[in-house]
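> Okay, here's the prediction I keep looking at, along with the sequence it came from:
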Amino acid sequence: MKYWDGAIWKDIKAIYYWNGSSWVLVRGGCYWDGAQWVSFWAPSVIWHCDLDEDMIYELSTSDFSVVRSASSPGASATGIGGTASVIWHCDENKDKVYELSVSDFSVIRSAATPDSYPRGVGGDANTIWHCDYISDEVYELSTTNFSVIRSASSPGGGPNGIGGDANTIWHCDTSTDKVYELSPTDFSVIRSASSPSTNPFGIGGDADTIWHCDEDVRRVYELSTANFGVIRTTLGPGGFPSGIGGK
């Protein structure tokens, strides 16, 4: 189910009803996809991590305020992404990639990353995109065991963030200070633009949304999927915004 925003068709992210005193999120309304019941209106969410605080956050999609938080499982939280039903996370100190619980941010499972400086991870329930700073590589990882399905050289010299969904890859690089859309087929550059500030450190979202964060000015952003321009921004909740994603 989609709506027309005046220029393009977009997915409906939430529907509310008036209960007489306040607007309440409609949580019903599902369809059978052949294996499970799926909501027509999957909730929107932002997952965020901070390298200084070593914290994991859920941020409000309305104003980037902190909904809840918990300590990260490692000592250098560098990347995070996923959807309302799954969280992918990576840690540079532990050299690990994790699946975290969406309920309390606890570790469901983990494995060693393909290289030694994991900086970005994202995707959806069926796809994991990952990047490593030292190897200068971007990867697709298996959702089953985090093994490498395929990889390619990143478009810049300092890949710091990656995310998106099965059909969309958003990427950022601290050497070029750029944000990119990459092809999910071969990781080639579809388009790029300058990041809002220097030292971009995290990016994610889906086909309709880009969440982004930057270390130099400690801000989180929503960027336009049309031209990567800033739609809105605010200071991040910690001292070093290092990863962001969601849908």
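That came through, no problem.
> how about low-confidence regions in the protein?
Applying pLDDT under 70 to the chain picks out residues 1-5, 7-17, 19, 22-43.
> Now do the host helix or strand of residue 220: everything it contacts.
Here residue 220 sits within strand 219-223, counting by DSSP states H and E. Strand 219-223 has contacts (C-beta atoms under 8 Å, 6 or more residues apart in numbering) with 46, 48, 59, 64, 179, 196-197, 209-214, 229-236, 241, 244. In short, each C-beta sits where N, CA and C put it, glycine included.
> how far is that strand from where the chain is centred?
Chain-centre distance of strand 219-223: 12 Å, with C-alpha atoms, centre = their mean, to the nearest Å.
> Pull up the pairing partners for it, direction included.
Partner strands and pairing direction for strand 219-223 (DSSP bridges) are strand 209-214 (antiparallel), strand 230-235 (antiparallel).
> Contacts for the first one, please.
Strand 209-214 is contacted by residues 44, 46, 48, 161, 163, 170, 172, 179, 195-205, 219-225, 228, 236, 241-247 when judged by C-beta under 8 Å, 6+ apart.
> what do you get for stretch 129-138?
Contact with stretch 129-138 is made by 79, 81, 90, 92, 97, 113-123, 139-141, 151-154, 157-164, 169, 171, 182, 187, as judged by C-beta under 8 Å, 6+ apart.
> rewinding a little: just the buried ones out of the contacts of strand 209-214, please.
Buried residues within these, defined by neighbour count using 16 or more other C-beta atoms under 10 Å: 44, 46, 48, 161, 163, 170, 172, 179, 195-197, 200-205, 219-223, 225, 228, 236, 241-247.
> Go through those and flag which are in helices.
Among the buried ones among the contacts of strand 209-214, no member falls in helices (DSSP state H).
> Where strands are concerned, which of the residues you listed count?
46, 48, 161, 163, 170, 172, 179, 200-205, 219-223, 241-246 (DSSP state E).
> Give me the domain ranges for the chain.
Residue ranges for the domains of the chain, per automatic domain parsing: 2-38, 44-246.
> hey, which of those domains is tucked in deepest?
Mean neighbour counts were compared across those using mean count of other C-beta atoms under 10 Å; the top stretch is domain 44-246, at a mean of 21.
> Just the terminal-to-terminal distance for that domain.
End-to-end distance of domain 44-246 (C-alpha to C-alpha, to the nearest Å): 7 Å.
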